[in-house]
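Enquirer: This is the structure alone, sequence omitted:
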């Protein structure tokens, strides 16, 4: 394959590193205030499920818990959270490695957290706040239909960047539109896949 895979781009752990307080000034300096602020608006708050014990006086930010196992005791309402595998993995595509806290029984949620902590060294996991994508309408041509019909759905955008003469350029995106009742957005059988162009001006 040309160009070769870039494993570091598969690491969802970057989202957790972006939100780490000790790295805040590093990111601000490297990205600049404008892009740092913009990324804060679009990257959901993310934690790395690191089993390293915290000092007695410390808590995990925004969850206000001292130990990750306490997250297993959160109520269903409080579990607006996702667990995701980070990096290259057989579960790293098609939402196979994603678990929605609110959709799981408490015992299963606890088991997944324990598993994530136990496999930290070989397959780290992240936790994110869950945000629903907004609803859009897009025409599609379902199998067996004589005409296109509108589908209400949620959109995932996958941008495509190209390196041209040593500079990186955004040249397009793949829009994946899934039915509105789906929580996880991926290239499922019922999805619409739409190539998107970048336009400038009116």
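Expert: Cool, the structure landed. Please read these numbers as outputs of a predicted model, since none were measured by experiment.
Enquirer: Quickly note the distance from the residue of the chain most remote from its centre to residue 135.
Expert: For the chain, the C-alpha farthest from the mean C-alpha position belongs to residue 146; by CA atoms, centre = their mean, that distance is 36.7 Å. Separation of residue 146 from residue 135 (CB to CB, to the nearest Å) stands at 26 Å. Quick note: C-beta positions are derived from backbone N, CA and C, even for glycine.
Enquirer: quick one on the thing from earlier: now do the residue farthest from the centre of the chain against residue 50, distance only.
Expert: For residue 146, the distance to residue 50 - CB to CB - is 55 Å.
Enquirer: cool, and residue 132?
Expert: Distance from residue 132 to residue 50, by CB to CB: 28 Å.
Enquirer: related to what we said a few turns ago, assign the residue farthest from the centre of the chain to helix, strand or coil.
Expert: Here residue 146 is recorded as coil under DSSP: H, G, I helix; E, B strand; the rest coil.
Enquirer: How about the backbone phi and psi for it?
Expert: phi -90, psi -10 (degrees, to the nearest 10).
Enquirer: Tell me where this structure has strands.
Expert: Secondary structure of the chain, counting by DSSP state E: strands at 46-48, 81-85, 98-100, 125-129, 135-140, 149-164, 167-179, 192-196.
Enquirer: Domain parsing of the protein, as residue ranges.
Expert: 7-129, 135-196 (automatic domain parsing).
Enquirer: Can you say which of those is packed in most?
Expert: Most buried of these, by mean neighbour count (mean count of other CB atoms under 10 Å): domain 7-129, with a mean of 14.
Enquirer: Alright, calling it a day.
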